[in-house]
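Q: Next input, structure requested:
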Amino acid sequence: LVSQTRQIAAAFLACGVDPKKSIIYAQSSVKAHVELAWIFNCVARMGWVERMTQFKDKAGKDAERASVGLFTYPVLQAADILAYKATHVPVGEDQKQHLELSRDIADRFNREYDAPGFFPLPEPLIKGPGARVMSLKDGT
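A: Below you'll find the model as predicted:
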């Protein structure tokens, strides 16, 4: 894992990510991601996640056999976004539903804990050639 993390960081740098303007870090080194994901798991509703297209596609007809990790992964993605109070998130068309879930979770948290605006409701930025990539395995 350490070697792969370094390889990914090197790839970011090779692609032109400027470390003077951007912070590159391993998500697993920031406890806030999983801690916030737990809180959001208590805020999100089962029906919201059950409707996620990617869960239905990957779980197939036998959702009973799908892992809990697959089911709750969109909530972790919401924590990844909202931990930094992002207002705009670059996403492809296939990830727009995940961002909508992030908005739903943020809105419910803000209302449930009487904290208006604590978490922003992030907007999608769907631009450029990456907007149509529907799979990391097949970039066409």
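Q: Any buried residues in stretch 56-69, and which?
A: Residues A59 are the ones in stretch 56-69 that count as buried (16 or more other Cβ atoms under 10 Å). C-beta coordinates here come from the backbone N, C-alpha and C atoms, glycine included.
Q: my guess is H33 meets D80, correct?
A: Yes. Contact status for H33 versus D80: in contact at 5.8 Å, counting by Cβ atoms under 8 Å.
Q: right, and the secondary structure at the residue lying closest to N41 once chain neighbours are set aside would be what?
A: Closest residue to N41 apart from its sequence neighbours, by Cβ to Cβ, 6 or more residues apart in numbering: V75 at 5.4 Å. At V75, secondary structure determined by DSSP: H, G, I helix; E, B strand; the rest coil is helix.
Q: V75: neighbouring residues, count only.
A: Close neighbours of V75, defined as other Cβ atoms under 10 Å, add up to 25.
Q: Who are the contact partners of it?
A: By Cβ atoms under 8 Å, 6 or more residues apart in numbering, the residues touching V75 are 37, 40-41, 44, 49, 101, 105.
Q: Do a quick rundown of the strands in the chain.
A: Ranges of strands in the chain, per DSSP state E, are 88-90, 123-125.
Q: Can I get those in JSON lines including distance to F12 and mean neighbour count?
A: As requested, the strands of the chain are exported to JSON lines (distance: least, Cβ to Cβ, whole Å; neighbours: other Cβ atoms under 10 Å):
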{"stretch": "strand 88-90", "distance to F12": "15", "mean neighbour count": "15"}
{"stretch": "strand 123-125", "distance to F12": "19", "mean neighbour count": "15"}
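Q: want to try TSV for those, with distance to S29 and mean pLDDT as columns?
A: Below are those laid out as TSV (distance: least, Cβ to Cβ, whole Å; pLDDT from 0 to 100):
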stretch	distance to S29	mean pLDDT
strand 88-90	21	93
strand 123-125	26	94
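Q: Perfect, that will be all.
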